[in-house]
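S.K.: any chance you can model this:
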Amino acid sequence: MHGWIPITAQVIAGLLLIAAIGWRNRRWRLVWLPWAALVGVALAVAAYWYISSEGMSDQTNPAPRSLWIWIALSGVAAGVLIAGWRGARWWRRGVSTLALPVCALCSALALNLWVGYFPTVQVAWNQLTAGPLPDQTDAVTVTAMQKRHAIPAKGTVVPVDIPYTASGFKHRGELVYLPPAWYATDPPPPLPTVMMVGGEFNTPADWLRAGNAVKTIDDFARLSARLRAAMGPHVVDILQRGLSVVIDFPANTMSDRSWMRSLITEADIAHELHVLDIPDAICKERLRQRNESGEHPYEVSEATYDLLTSHFVLPRPDEGFNVIVHAP
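M.R.: Alright, predicted model coming up:
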């Protein structure tokens, strides 16, 4: 939430706080107003210490100064409300009561400008009221769509309840994104999984509301298909001219390979599909040696290897490839 909303809230909060403080009397100005200022400074220092100790703010990602200012002014508003209640007129009591939540709102807006959880008022309202997530549906609807192969135009989000007995972490509820390809077959095809874990002060829904994760994934699927459509004719033209083409596209599933097979057919060229049939034990040993050498910038665990290879499907004769198998 940028633009006029934070500025308007800050102007209103400032006017309310000035009216709440007032000129009053000498004792108020010399004793109670400085006390209220000390309350604000103490609150800002405590918030700074807590945020820094939790590692949420550092030199690479410092909190904005406006956050500390409005936390301090919220403390001042609380001190003015408490210290100035006795003897104040009814209208000043009302203004003091309003100043505190509006200053707190400005603190929250300053925090949001820093972390970016709520980019719009609608997103913030949906979060506060637990409104529906983008493209959210239920398990019954998903099952019915999958049985009749009703492929949606975009992916769908389904709330699930996974037991926490294995992890031991406090359960917060999970959300699963199902791409349109999941609905194409019965049973559904094996698909790769990306696990996204919310931070300590987040919920899984934040990835969808503030992070706009569903739109990002939908756009990736849509644009990656466009990339193949754009690359296909170009690759065919190069192949027909007798030149070699190196493309970094996956070929570990039948659907991935079908696109490559269509290019071969259209270009009307000879081809060979080389398959490395290496036992997992040898692959893991080579992976361990690579990790221990430290020469590669990334280390891959055996668990990650098992996850990635679980989606690999060996080429079948009906795919139409000239397969050459390499085995130890």
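S.K.: any regions of the chain where pLDDT drops low?
M.R.: 1-2, 126-127, 130-131, 167, 170-172, 198-202, 210-211 (pLDDT under 70).
S.K.: from the centroid of it, which residue is nearest?
M.R.: Centroid-nearest residue in the chain: W207, 3.4 Å away (criterion: Cα atoms, centre = their mean).
S.K.: for I324, what are its contacts?
M.R.: E272, L273, H274, V275 (Cβ atoms under 8 Å, 6 or more residues apart in numbering). No exception for glycine: its C-beta is placed from N, CA and C like everyone else's.
S.K.: same thing but 7 Å
M.R.: By Cβ atoms under 7 Å, 6 or more residues apart in numbering, the contact set of I324 is E272, L273, H274.
S.K.: let's see if you can find the most crowded of those.
M.R.: Highest neighbour count within those, by other Cβ atoms under 10 Å: L273, with 17 neighbours.
S.K.: now it: how far from F321?
M.R.: 4 Å (Cβ to Cβ, to the nearest Å).
S.K.: kindly report the same for A327.
M.R.: Separation of A327 from F321 (Cβ to Cβ) stands at 17 Å.
S.K.: looking at those two, which is more packed in?
M.R.: Comparing A327 with F321 by other Cβ under 10 Å, the one with more neighbours is F321, at 19 against 8.
S.K.: hmm, P315 and that one touching each other?
M.R.: Yes - judged on Cβ atoms under 7 Å, F321 makes contact with P315 at a distance of 5.4 Å.
S.K.: what about V76, neighbour count?
M.R.: Neighbours of V76 (other Cβ under 10 Å): 26.
S.K.: that one falls within a helix, correct?
M.R.: Yes - counting by DSSP: H, G, I helix; E, B strand; the rest coil, V76 is part of a helix.
S.K.: just checking, what packs against the longest helix along the chain?
M.R.: In the chain, with assignment by DSSP state H, the single longest helix is helix 213-240. For helix 213-240, the contact count by 3 or more Cβ pairs under 7 Å, 6 or more residues apart in numbering; DSSP states H and E identifies helix 254-267 as packing neighbours.
S.K.: show me what the helix it packs on is packed against.
M.R.: Using 3+ Cβ pairs under 7 Å, 6+ apart: helix 254-267 touches helix 213-240.
S.K.: residue boundaries of the strands in this protein?
M.R.: Taking DSSP state E as the test, the strands found in the chain are 156-160, 174-178, 273-276, 323-326.
S.K.: reformat the ones you listed as a markdown table; add distance to L111.
M.R.: Shown next, in a markdown table, are these (distance: least, Cβ to Cβ, whole Å):
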| stretch | distance to L111 |
| --- | --- |
| strand 156-160 | 27 |
| strand 174-178 | 24 |
| strand 273-276 | 52 |
| strand 323-326 | 57 |
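S.K.: burial check on W182, number of neighbours?
M.R.: Applying other Cβ under 10 Å, I find that W182 has 19 neighbouring residues.
S.K.: wait, it touches P190, no?
M.R.: No - W182 sits out of contact with P190 when judged by Cβ under 7 Å, with a separation of 10.0 Å.
S.K.: break the protein into its domains for me.
M.R.: If you go by automatic domain parsing, the domain ranges for the chain are 4-116, 139-211, 272-328.
S.K.: between the two ends of the longest one, what distance do you get?
M.R.: The one in question is domain 4-116. 16 Å (Cα to Cα, to the nearest Å).
S.K.: what separates it from the chain centre, distance-wise?
M.R.: 31 Å (Cα atoms, centre = their mean, to the nearest Å).
S.K.: same question for the shortest one.
M.R.: For domain 272-328, the distance from its own C-alpha centre to the chain's C-alpha centre is 30 Å (Cα atoms, centre = their mean).
S.K.: change the start of the numbering to 869 and stick with it
M.R.: Right, with 869 as the first residue, what we last looked at is domain 1140-1196.
S.K.: spatially nearest residue to A912 (excluding sequence neighbours)?
M.R.: Sequence neighbours aside, A940 is the residue nearest to A912 in space, at 3.9 Å (criterion: Cβ to Cβ, 6 or more residues apart in numbering).
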